[in-house]
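Chemist: Give me a model of this one.
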Amino acid sequence: GDDHEYRLRAEAAGARIATVVDARVRHPAVGSLGTPMMRGRTTYNHSPSDLKHYCMARNNLLNLRDYRGWPHALAFVVKTLWFYTLTKPSVRRLRLSAQAWVAALRGDFTGHERFLR
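Modeler: Take a look at the predicted model:
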């Protein structure tokens, strides 16, 4: 999510964005990102890592709110609630998502530290 936010910030500042087609990216496996939901109509970026999920939920809410507006941010909340209620039920993940969203709205970027111990 942070690389996405960097791009959004650069675009907002008027930067020209380009793609380097010969670039090679090495990134660790993140699990089943792009898990289908809503009968295959969309996907959700589910990660088995609580750290990655917490950061994604926190950062995505703020990025959507700041760069696309509240309707997009609220749609992300609904999508998360749907996913962890109907597609891959998990009360624990719903609670973790809510904690991340509250931290985001408070401007608290320290909550992920508990996963690094």
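Chemist: Please make it C-alpha for all contacts and neighbour counts, starting now.
Modeler: Noted.
Chemist: Just the residues contacting the helix or strand bottoming out on mean pLDDT in the chain, thanks.
Modeler: With mean pLDDT, DSSP states H and E as the measure, the helix or strand of the chain carrying the lowest mean pLDDT is helix 2-12 (a mean of 84). When contacts are taken as Cα atoms under 8 Å, 6 or more residues apart in numbering, the neighbours of helix 2-12 outside the stretch itself are 16-17, 59, 63, 67.
Chemist: partners of the next helix or strand after it in the sheet?
Modeler: Downstream of helix 2-12, the first helix or strand assigned by DSSP states H and E is strand 35-37. Each strand paired with strand 35-37, and its direction, by DSSP bridges: strand 42-44 (antiparallel).
Chemist: in the strand it pairs with, what's buried?
Modeler: Tyr44 (16 or more other Cα atoms under 10 Å).
Chemist: ok, residues contacting it?
Modeler: Applying Cα under 8 Å, 6+ apart, the external contacts of strand 42-44 come out as 33-37, 79-80, 83.
Chemist: The same query, at a cut-off of 7 Å, please.
Modeler: Contacting residues not belonging to strand 42-44 are listed as 33-37 [Cα atoms under 7 Å, 6 or more residues apart in numbering].
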